[in-house]
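Fold the following and give me the result.
(one chain, ligands or ions: 3)
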Amino acid sequence: MKRLVLKFGGTSVGSIEKIQKVANIIKKRHEEGNEIIVIVSAMFGVTNDLKKKSNSISKNFDSKELDVLLSSGEQISSSLLSGAIIDLGVKARSWMGWQLPILTDGNHTSSQVINIKTEEILNFISGRGVAVIAGFQGVSSNNRITTLGRGGSDLSAVAVAKFFETDSCEIYTDVEGVLTTDPSIHEKAKKIDKISYEEMLEMSSLGAKVMQPISVQASMINDIPVHVRSVFSEKAGTTIISQSEIDYKKVVTGIAYSKNDAKVTLVGVADKPGVAAAIFEPFEKNNINIDMVIQTAASNGKKTDVTFTVKREDLFKTLKLIEKNNQYLNYQKIIHDDKVSKVSIIGAGMISHPGVVYKMFSALGREQINILAISTSEIKISVLIQEDMTQKAVKTLHKKFELD
Ligand code: ADP
Ligand code: ASP
Ligand code: MG
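Ligands and ions are numbered 1, 2, ... in the order given. Reported below is the predicted structural model:
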């Protein structure tokens, strides 16, 4: 007998028919003799709708109340799913995060799980019940409801795998597994059989929505292999696992993109020590993350252009901070552009293959795709390009790195 955690995302429980389909999958896995703990997300679109409602009251809606509001979607789906399982003649029960409790650090809208009290559920599943836990939510030590960040049911599943010491952690979703790129922009995306924690963390941080980045980090830290698979087929999906268990034949494992960035250029800044620090100092204090940075060499040796990227949602705040700081910076003008996207190639195979940068840049150049900024790490290269070139860039790189 195995103990399994099965997580079903919003796309898998988007309608009553889909909930009934999921109930049947759960029944089947239960009949195989397994102990089952289910994590379920809100029905597709529900969390976004709730967020819109709060926005229409205030863009600064109180974060504690926002957590109460957003977590309510999972109360609906977990009760509907439990009811559907019971209707199939299987014992089931739902739990909200606070009922267990799932104790979090109290960081509203992006909490980490600190502990889960397991006793009640262990009793229930040992009596052949299916436990259904509402994903995405927990409770702080102050007894306030908290949520785990958007896409946070993935983190709920990894946390349950950890605290219940399950034999597997399975993420059921609407695609076959983790694919070489987002299938919604490239029809040639292929399933990856095995991907390392590190690569998956880069993929999801750089835009692959299929797993929440923090959940990948949690699985990496605790060495919990995660299996991503489809609700539509019984085929094996993708295993996210330690790098040592993977034999790298390809240089690039996957390609990700995101449209969350904005580019800012300060034209004509004095080229002297301390200026870069002066530009970026106020950002740190205001929690604004700088991603890519390029400084163009000054032609006359006195003035330089500094380009950097921030999250799109931080653009307005960023421009305000720079303007405030201009007395010291004394730049000639600011240019900004939020119609940009970041396209990244990711692969642990890069470490042992020189020439990847050239291959990437020349492929994009041949397609007349202009590179606006670059950032690299050991296992990824990201380029900033014009947003309308995103799909072309992904397809070009997918082919160039033999992923088609
Ligand atoms: P769920 O509702 O199950 O949590 P998500 O919408 O969060 O599902 O994630 C699945 C979606 O992620 C897919 O439908 C797909 O469009 C998108 N996606 C983006 N990049 C990838 C990728 N590399 N592999 C698989 N899916 C991806
Ligand atoms: N319902 C939450 C969200 O939309 C959590 C999740 O789907 O994983 O972000
Ligand atoms: Mg998701």
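
Buried ones in stretch 28-35, by neighbour count?
Using 16 or more other CB atoms under 10 Å as the test for burial, stretch 28-35 gives 29-30, 34-35. All C-beta spots, glycine's among them, are computed from the backbone N, C-alpha and C.

farthest-separated two in the residues you listed?
Spatial extent of those (CB to CB) is set by the pair Arg29 and Glu35 at 10.0 Å.

Okay, buried residues for the helix or strand bottoming out on mean pLDDT in the chain please.
Across the helices and strands of the chain, mean pLDDT, DSSP states H and E gives its lowest value to helix 326-329, namely a mean of 78. By neighbour count on 16+ other CB under 10 Å, the buried set for helix 326-329 is Leu329.

what distance separates it from the centre of its chain?
Relative to the chain's own centre, helix 326-329 is displaced by 37 Å; criterion: CA atoms, centre = their mean, to the nearest Å.

Quick check: mean pLDDT of stretch 140-155?
Average pLDDT, stretch 140-155: 98.

For that stretch, which outside residues touch it?
With contacts defined as CB atoms under 8 Å, 6 or more residues apart in numbering, stretch 140-155 is touched by 7, 9, 39-41, 47, 64, 67-68, 70-71, 74, 97-98, 103-113, 135-139, 156, 171, 209, 211-212, 214-216, 218.

could I get that stretch in CSV with only the CA atoms?
This file holds the C-alpha atoms of stretch 140-155, laid out as CSV (Å, rounded to 0.1, in the frame of the first residue of the first chain):
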residue,chain,number,x,y,z
SER,A,140,-0.9,31.9,10.6
SER,A,141,0.0,31.6,14.3
ASN,A,142,-2.2,34.7,14.8
ASN,A,143,-5.1,32.6,13.6
ARG,A,144,-5.4,34.6,10.3
ILE,A,145,-6.1,32.8,7.0
THR,A,146,-3.1,33.0,4.6
THR,A,147,-2.4,32.0,1.0
LEU,A,148,0.7,30.6,-0.6
GLY,A,149,1.1,32.9,-3.7
ARG,A,150,-0.6,32.5,-7.1
GLY,A,151,-0.4,28.9,-8.3
GLY,A,152,0.2,28.0,-4.6
SER,A,153,-1.7,24.7,-4.6
ASP,A,154,1.5,23.2,-6.1
LEU,A,155,3.2,24.3,-2.9
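
about what we covered before: can you tell me which of the contacts of stretch 140-155 are in strands?
Among the contacts of stretch 140-155, DSSP state E puts 7, 39-40, 103-104, 113, 137-139, 171 in strands.

Name the residues of the stretch 51-200 of the chain found near ligand 1, please.
Counting by CB under 6 Å from any ligand atom, the residues of the stretch 51-200 of the chain close to ligand 1 are 151, 173-175, 178-179, 181-184.

Just put those residues in TSV and tack on distance to ligand 2 and secondary structure.
As requested, these are arranged in TSV below (distance: CB to the nearest ligand atom, whole Å; DSSP: H, G, I helix; E, B strand; the rest coil):
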residue	distance to ligand 2	secondary structure
Gly151	5	coil
Thr173	10	strand
Asp174	12	coil
Val175	15	coil
Val178	16	coil
Leu179	19	strand
Thr181	21	coil
Asp182	17	coil
Pro183	19	coil
Ser184	17	coil
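
What sits closest to the residue most central in space within the chain if chain neighbours are left out?
The centre of the chain sits closest to Gln212, judged by CA atoms, centre = their mean, with a distance of 3.1 Å. The shortest distance from Gln212 to any non-neighbouring residue, by CB to CB, 6 or more residues apart in numbering, is to Gly151 (3.6 Å).

any idea how far Ile214 is from the one you found?
Counting by CB to CB, to the nearest Å, the gap from Gly151 to Ile214 is 9 Å.

Tell me the backbone dihedrals of Glu367, please.
Here is the backbone geometry of Glu367 (degrees, to the nearest 10): phi -90, psi 10.

show me what contacts the closest residue to it other than its chain neighbours?
Of all residues not flanking Glu367 in the chain, Thr396 sits nearest, at 5.1 Å (CB to CB, 6+ apart). Residues in contact with Thr396 (CB under 8 Å, 6+ apart) are 363-364, 366-367, 369.

ok, of those residues, which come out buried?
Here the buried ones among these, as counted with 16+ other CB under 10 Å, turn out to be 363-364, 369.

could the residues you listed be laid out in TSV, adding secondary structure, pLDDT and distance to Lys317?
Formatted as TSV, those follow (DSSP: H, G, I helix; E, B strand; the rest coil; pLDDT from 0 to 100; distance: CB to CB, whole Å):
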residue	secondary structure	pLDDT	distance to Lys317
Ala363	helix	98	36
Leu364	helix	98	31
Ile369	coil	98	30
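
so which of those are also by ligand 1?
Of these, not one also sits near ligand 1 (CB under 6 Å from any ligand atom).

how about the residues of the stretch 1-150 of the chain that lie near ligand 3?
By CB under 5 Å from the ion, the residues of the stretch 1-150 of the chain that approach ligand 3 are Gly9.

And the one residue in the stretch 1-150 of the chain that gets nearest to ligand 3, how far from Glu74?
The minimum distance from the stretch 1-150 of the chain to ligand 3, using CB to the ion, falls at Gly9 (4.6 Å). Separation of Gly9 from Glu74 (CB to CB): 11 Å.

can you list residues touching both of these two?
Common neighbours of Gly9 and Glu74 (criterion: CB under 8 Å, 6+ apart): 41, 153.

Looking at these two, which has the bigger crowd around it?
Glu74 (30 against 24; other CB atoms under 10 Å).
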